[in-house]
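Undergrad: what shape does this take:
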Amino acid sequence: MSTLGVGVVAGLDAQGRPNLSPYLTANEVTPGTETTIDVGINNDGTLIDGNEADRSAVTTARSVSVRLQAPNSPITVDTNTVNFGEITESQTTTAPFEITVPNRIEPGAYKLRVQMDYS
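TA: Numbering: from 1, shown residues only. Purely as a prediction, here's the structure:
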């Protein structure tokens, strides 16, 4: 889940927003393991209007927190939340999450939910 908003910063001549997109850097895990999976986060921020010199003020995501959940899944997410300071426009970073994969998990695809909050 990602929340988007238009940023207008006082004293600046710009309107825009960060645009955070999550993805898995690897999507296979082994049964019976505790492992780390990395959730990649890309910020493809958008300048809607205004002065190019003020672009980063409205396209940078600040106080970013990322939460991973595995609802209705036998996989357990052991890391609650990963916090970042800022993710600037065109920056890609990763959030490492510890997970536990049970021994007797059925082969297949399991959905994970990513929640990102920022200001």
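Undergrad: surely residue 54 and residue 60 touch.
TA: No - contact criterion C-beta atoms under 8 Å: residue 54 and residue 60 do not qualify, at 11.1 Å. In this view, the C-beta of every residue, glycine as well, is placed from N, C-alpha and C.
Undergrad: quick one: contacts for residue 25?
TA: 37-40, 94 (C-beta atoms under 8 Å, 6 or more residues apart in numbering).
Undergrad: so which of those residues is the most crowded?
TA: Within the contacts of residue 25, residue 37 tops the neighbour count with 22 neighbours, counted by other C-beta atoms under 10 Å.
Undergrad: go ahead and confirm it touches residue 24.
TA: Yes - counting by C-beta under 8 Å, residue 37 touches residue 24, with 6.6 Å between them.
Undergrad: out of residue 54 and residue 60, which sits in the busier spot?
TA: More crowded of residue 54 and residue 60, by other C-beta under 10 Å: residue 60, with 20 against 17.
Undergrad: measure that one to residue 49 for me?
TA: 17 Å (C-beta to C-beta, to the nearest Å).
Undergrad: and if you look at residue 26?
TA: From residue 26 to residue 49 the distance is 39 Å (C-beta to C-beta).
Undergrad: and the strands in the protein?
TA: Using DSSP state E, the strands of the chain run over 7-8, 14-17, 20-24, 33-43, 46-50, 61-62, 65-69, 76-77, 81-83, 86-87, 92-101, 113-117.
Undergrad: burial measure for residue 74, as a count.
TA: Neighbours of residue 74 (other C-beta under 10 Å): 13.
Undergrad: my guess is it meets residue 107, correct?
TA: No - the pair residue 74 and residue 107 does not pass the contact test of C-beta under 8 Å, sitting 11.8 Å apart.
Undergrad: returning to what we had before: dump the strands of the chain into CSV; add mean pLDDT as well.
TA: Formatted as CSV, the strands of the chain follow (pLDDT from 0 to 100):
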stretch, mean pLDDT
strand 7-8, 50
strand 14-17, 90
strand 20-24, 95
strand 33-43, 96
strand 46-50, 92
strand 61-62, 96
strand 65-69, 96
strand 76-77, 96
strand 81-83, 95
strand 86-87, 96
strand 92-101, 96
strand 113-117, 95
